[in-house]
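**Q** Predicted model, plus sequence, below.
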Amino acid sequence: MSVTRSSAPELTSEQVAKVLVQPLAETSKFLAAGPVIYDTTGPFRIPKVNGMVASGTTTPATPDWIGESELITEKDIDFTDVSLLPSTMKSLKTIVRVSNEMLRASVVSLSAAIQNRLVVDVANRLDAQLLSAGGDGVSTPRGLFNYTGTQSVAVGGALTLDVLLDGWGKALDANVNLSTLKWVMRGREFVRLRKVKDTNGQYLLQPDPTKDGVFRLWGSEVVISNKVPDTTAATPTARAALVDFGSIAVARDMAPSVVILNERFAEYDEAGLRIVCRYDAKPVTPEGIIVFNGITI
């Protein structure tokens, strides 16, 4: 017996990965930047060792210099965890209705076109959340500019190369892995930096001649996204960030589903396509994220 839409109305997980999950990772600027992605169907925890503390306390401690035959002081190790994808986390969901006549009469593969459009829309919506300054981590994922424990640089003016170096210095002090560091900003801020010239009228920033279409600042790749939020004050200011994406964990529901609804709209002779997708993201080491605030627009 052949497999048909009526005999298998819900796509398998392998098919879904090709239709939704894999294209989303390629399209989403946040996911493509290199966070560590974990597939899970429920709440997910990442154990974390915070370091040595004084015995019976939470006060950070270090090993002591101990002389010959002297009592060695005891220390404890402080353990915590990073929790992602709680049961209260909402999903990205949508239903698209298409008439059966349109599906039959279309000169192109309409279902494929709809799937591609849904991938773009879901990626845009996901980036808007994961790069936002909102989210509570309970029902919606916290955005990059709403993480707690991150470092910050108060710009209070234009974003300059010197200001970027200040942030880069904070990353060095925090022992951040430089190979996974990336700048995150709007194209507006990057273009202004790109226009900076020396006294001879030559642009200070030059593209990498060995890589096509890759922008870099002080050796780190630049992720350009219009989803980076400006402030909503009376006089809005811009934001930017220097991010160790290797220190960000993304929990991805293992069972995103694409379901063809043949009977739901049968009285209208229409088919429905239901998309469900669920993600969460948190920094494992928030010190690896340096946020630039108060950038003059």
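**A** That came through, no problem.
**Q** can we go C-alpha only for contacts and neighbour counts from here?
**A** OK.
**Q** Please save the CA atoms from the longest helix seen in the chain in CSV.
**A** In the chain, with assignment by DSSP state H, the single longest helix is helix 110-130. Extracted C-alpha coordinates of helix 110-130, given in CSV (Å, rounded to 0.1, in the frame of the first residue of the first chain):
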residue,chain,number,x,y,z
LEU,A,110,2.1,25.9,-4.1
SER,A,111,2.7,23.7,-1.1
ALA,A,112,6.5,24.2,-1.4
ALA,A,113,6.1,27.9,-1.8
ILE,A,114,3.9,28.1,1.3
GLN,A,115,6.4,26.1,3.3
ASN,A,116,9.3,28.4,2.2
ARG,A,117,7.2,31.4,3.2
LEU,A,118,6.4,29.9,6.5
VAL,A,119,10.1,29.2,7.1
VAL,A,120,10.9,32.9,6.4
ASP,A,121,8.1,34.1,8.6
VAL,A,122,9.0,31.8,11.5
ALA,A,123,12.7,32.7,11.3
ASN,A,124,11.8,36.4,11.4
ARG,A,125,9.5,36.0,14.3
LEU,A,126,12.1,33.8,16.2
ASP,A,127,14.9,36.3,15.5
ALA,A,128,12.6,39.2,16.7
GLN,A,129,12.2,37.4,20.0
LEU,A,130,15.7,35.9,20.5
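**Q** need the next SSE after it, C-terminal direction.
**A** Where DSSP states H and E defines the elements, the next helix or strand beyond helix 110-130 is strand 151-157.
**Q** Buried ones in whatever helix or strand comes next after that following strand, by neighbour count?
**A** Heading C-terminal from strand 151-157, the first helix or strand you meet, by DSSP H and E, is helix 161-173. Within helix 161-173, the residues that qualify as buried by neighbour count (16 or more other Cα atoms under 10 Å) are 163, 164, 167, 168, 170, 171.
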